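Asker: Please work out how this folds:
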Amino acid sequence: MLRVLFVCMGNICRSPTAEGVLTRMVADRGLAHVIVADSAGTHAYHVGEPPDPRARQAASRRGVDLSPLRARQVTVEDWQHFNLILAMDRDNLRQLQCLWPQGDPTRLRLLLDFAPHLGEQDVPDPYYGGATGFERVLDMIEAAAEGLLEELLPRLPPRR
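Answerer: All right, here's what the predicted structure looks like:
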């Protein structure tokens, strides 16, 4: 099984959106038994809270249900549990690199590494903006999740 962790600052906007998008894409392809997504934040600001209502609304319009998700803070144990840890931006990537300075650098990457055609490195934090920011974030995450799946598919065991 391949386990993917998405990480942003508070785990209420970008990373739960990425978790929900990948989970839906994986389910749509019948791969939920081999690819699992989760999300966490580098900070404990919102631990136990559901995703931001604007993130839930934007995702819901695209058929992604974020309502069961709750924010949590990333832990050192996550390094052992996940095959791939994807930061939403360079600031969070740097914080993760401080947590795991001796870790395998191929397991810790930026989400937008999987969408080079976007010409961006960071998924912007939509928290202090309006609804259009959440739509833009969803567009970016969906593009990156497609690229991520393309990279993960060859790693999967053959179907029986």
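Asker: can we go C-alpha only for contacts and neighbour counts from here?
Answerer: OK.
Asker: For residue 115, which non-adjacent residue is spatially closest?
Answerer: Nearest non-adjacent residue to residue 115, counting by CA to CA, 6 or more residues apart in numbering: residue 144, 4.6 Å away.
Asker: And the host helix or strand of that neighbour, what's buried?
Answerer: Assigned by DSSP states H and E, residue 144 belongs to helix 131-152. For helix 131-152, a neighbour-count test (16 or more other CA atoms under 10 Å) marks 133-135, 137-138, 140-149 as buried.
Asker: on contacts alone, who are the packing partners of it?
Answerer: With contacts taken as 3 or more CA pairs under 8 Å, 6 or more residues apart in numbering; DSSP states H and E, helix 131-152 sits against helix 14-28, helix 53-61.
Asker: Which neighbouring elements make contact with the helix or strand following the first one?
Answerer: If I follow you right, that is helix 14-28. Sequence order places strand 35-41 as the next helix or strand after helix 14-28, per DSSP H and E. If you count contacts as 3+ CA pairs under 8 Å, 6+ apart, strand 35-41 packs onto strand 2-8, helix 14-28.
Asker: okay, those in JSON lines with mean neighbour count next?
Answerer: Shown next, in JSON lines, are these (neighbours: other CA atoms under 10 Å):
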{"stretch": "strand 2-8", "mean neighbour count": "23"}
{"stretch": "helix 14-28", "mean neighbour count": "23"}
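Asker: And those: which comes nearest residue 124?
Answerer: For residue 124, the closest of these is helix 14-28, at 8.3 Å, according to CA to CA.
Asker: returning to that earlier point: residue 90: which of the helices and strands packed on helix 131-152 is closest?
Answerer: Of the helices and strands packed on helix 131-152, nearest to residue 90 by CA to CA is helix 14-28, at 13.5 Å.
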